[in-house]
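# Next come a sequence and a model predicted from it.
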Amino acid sequence: MRAMSLTEFGGPDAFALSEYETPKAGAGEVLVRVHATSINPLDYQVRRGDYPDLVPLPAITGHDVSGVVEAVGSGVSAFKPGDAVWYTPQIFGGHGSYAEYHVASEAIVGHKPAGLTHLEAASLSLVGGTVWEALFTRAGLRLGETVLVHGAAGGVGHVAVQAAKASGAFVVATASGYDADFVRSLGADVVIDYRTEDYVAVVNRETGGVGVDVVLDTIGGDTLERSPRVLAQLGRIVSIVDIPNPQNLIEAWGCNASYHFVFTRQNRGKLDELATLVNRGLLKPHVGAVYPLAGIPDAHALLERPRNGVRGKIGIAVVDENASSQP
């Protein structure tokens, strides 16, 4: 099989298209023909060497799979050859998804929603699982609450807006003015242009000074530092980014706030919950650009580019090398 192999830590040119032996499904595992994968910030963090002790080189990386079951190992009962499936490979637990085939434990695999293409499904598995864990498992977002989603036009953010709206929340979102209409189309009730407006002032104005119940931070840095200033009493802040510097928590203490830091875990349950939203027409991932397997270096470079103009996710069409809609 062909795979994009990470041969050294560094820039996007650290990948090489290589030939590997096609893996086999062991007991409790499924062998999947990968039709599509996608690019996440975690992917370029791994590539540049943020987790060197967890990623022995050379490595096949990548954290989204949508494809078709090729074979199943002994003891597998939920899937059979020909089933369309989707999942996030076990992070730091073996080969990733930048390949034509992938083997995974049956426990982390879900049946792909029929209403999604492989590119769409591969653009939802990791970010969708992250959103579900952040908003519902950790923050416990409830009907009638107010949530602030930072970075609402991005991969995680655009899914979070839809999932929060589907739960009956009032959704405030930050995005650039360029992306405002897109974010409103996802269901956001209030969109704040972070380039021209102070989100703290706008949120407090829109909520009459009460603040929001939940903040989902996909940005970090100063955005996370200032988030307690918009929290209601007993509010919750959930961040999915690394925290390189200590945070001043005195304002959060005054709100009786709770903090959650999410590095998503794999399981079929979250995929099934997301599939329910998809099947009800309440959630649809947006694929803003598509590259072939060999174009993964270019896809990485695009995702890392500031203000790259891509809404939603960057998809990788593994099966159809001619599928391309690059910006």
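Great, that's in hand.

# Would you map the helices across the stretch 51-200 of the chain?
Along the stretch 51-200 of the chain, counting by DSSP state H, counting those that start in this stretch, helices occupy 118-122, 125-131, 155-166, 180-185, 199-206.

# what packs against the first one?
Packed against helix 118-122, as judged by 3 or more CB pairs under 8 Å, 6 or more residues apart in numbering; DSSP states H and E, are the following elements: strand 29-39, strand 65-72, strand 84-87, strand 287-292, strand 313-317. Placement of C-beta: from N, CA and C, glycine included.

# Send me that helix as CSV with only the CA atoms.
The C-alpha coordinates for helix 118-122 follow below in CSV (Å, rounded to 0.1, in the frame of the first residue of the first chain):
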residue,chain,number,x,y,z
HIS,A,118,-16.3,9.9,2.8
LEU,A,119,-14.6,13.3,2.6
GLU,A,120,-17.2,14.8,4.9
ALA,A,121,-17.1,11.9,7.3
ALA,A,122,-13.3,12.1,7.5
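
# Check the offset of that helix from the chain's centre.
Counting by CA atoms, centre = their mean, to the nearest Å, helix 118-122 is centred 12 Å from the centre of its parent chain.

# Show me what counts as buried in that helix.
Residues of helix 118-122 classed as buried by neighbour count (16 or more other CB atoms under 10 Å): His118, Leu119, Glu120, Ala121, Ala122.

# mean confidence score for that helix?
Taken as a whole, helix 118-122 has a mean pLDDT of 98.

# got TSV for the helices and strands packed on helix 118-122, with mean neighbour count too?
Shown next, in TSV, are these (neighbours: other CB atoms under 10 Å):
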stretch	mean neighbour count
strand 29-39	26
strand 65-72	22
strand 84-87	25
strand 287-292	21
strand 313-317	27
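
# What distance separates the opening and closing residues of stretch 162-170?
Terminal residues of stretch 162-170 lie 11 Å apart, using CA to CA, to the nearest Å.

# Same question for stretch 48-60.
Start and end residues of stretch 48-60 are separated by 14 Å (CA to CA).

# now what about it, what contacts it?
Outside stretch 48-60, the residues that touch it by CB atoms under 8 Å, 6 or more residues apart in numbering are 3-11, 18, 20, 45-46, 61, 92, 95-99.

# List the ones among those residues that fall in strands.
Here DSSP state E is the test, and the contacts of stretch 48-60 give Ala3, Met4, Ser5, Leu6, Ser18 as lying in strands.

# most neighbours, which of those?
Ranked by the number of neighbours (other CB atoms under 10 Å), these place Ala3 first, at 28 neighbours.

# who's it bridged to?
Beta-bridge pairing for Ala3 (DSSP bridges): Ser18, Ala99.

# same deal with Ala36?
On the basis of DSSP bridges, Ala36 is bridged to Ser66, Ala317.

# so who does it touch?
So Ala36 contacts 64, 66-67, 117-119, 121-123, 315-319 (CB under 8 Å, 6+ apart).

# mind putting the residues you listed in JSON lines, distance to Ala163 included?
Shown next, in JSON lines, are the contacts of Ala36 (distance: CB to CB, whole Å):
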{"residue": "Asp64", "distance to Ala163": "17"}
{"residue": "Ser66", "distance to Ala163": "19"}
{"residue": "Gly67", "distance to Ala163": "24"}
{"residue": "Thr117", "distance to Ala163": "20"}
{"residue": "His118", "distance to Ala163": "21"}
{"residue": "Leu119", "distance to Ala163": "20"}
{"residue": "Ala121", "distance to Ala163": "16"}
{"residue": "Ala122", "distance to Ala163": "18"}
{"residue": "Ser123", "distance to Ala163": "14"}
{"residue": "Gly315", "distance to Ala163": "20"}
{"residue": "Ile316", "distance to Ala163": "23"}
{"residue": "Ala317", "distance to Ala163": "25"}
{"residue": "Val318", "distance to Ala163": "27"}
{"residue": "Val319", "distance to Ala163": "28"}
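
# in stretch 230-245, what counts as buried?
For stretch 230-245, the neighbour count (16+ other CB under 10 Å) marks Val230, Leu231, Ala232, Gly235, Arg236, Ile237, Val238, Ser239, Ile240, Val241 as buried.

# which of the contacts of stretch 48-60 are buried?
Buried subset of those (neighbour count, 16+ other CB under 10 Å): Ala3, Met4, Ser5, Leu6, Phe9, Val46, Thr61, His95, Gly96, Ser97, Tyr98, Ala99.

# which residues sit in contact with the third one?
In other words, Ser5. Applying CB under 8 Å, 6+ apart to Ser5 gives the contacts Phe15, Ala16, Leu17, Ser18, Tyr20, Pro58, Ala59, Ile60.

# Show me how to select, in ChimeraX, the buried members of those.
The following ChimeraX line selects those of the contacts of Ser5 that are buried, judged by 16+ other CB under 10 Å:
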select :15,59,60
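
# Switch the contacts of Ser5 over to a markdown table; also include distance to Val161 and pLDDT.
Shown next, in a markdown table, are the contacts of Ser5 (distance: CB to CB, whole Å; pLDDT from 0 to 100):
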| residue | distance to Val161 | pLDDT |
| --- | --- | --- |
| Phe15 | 32 | 97 |
| Ala16 | 37 | 96 |
| Leu17 | 36 | 96 |
| Ser18 | 38 | 95 |
| Tyr20 | 38 | 95 |
| Pro58 | 38 | 95 |
| Ala59 | 33 | 96 |
| Ile60 | 32 | 97 |
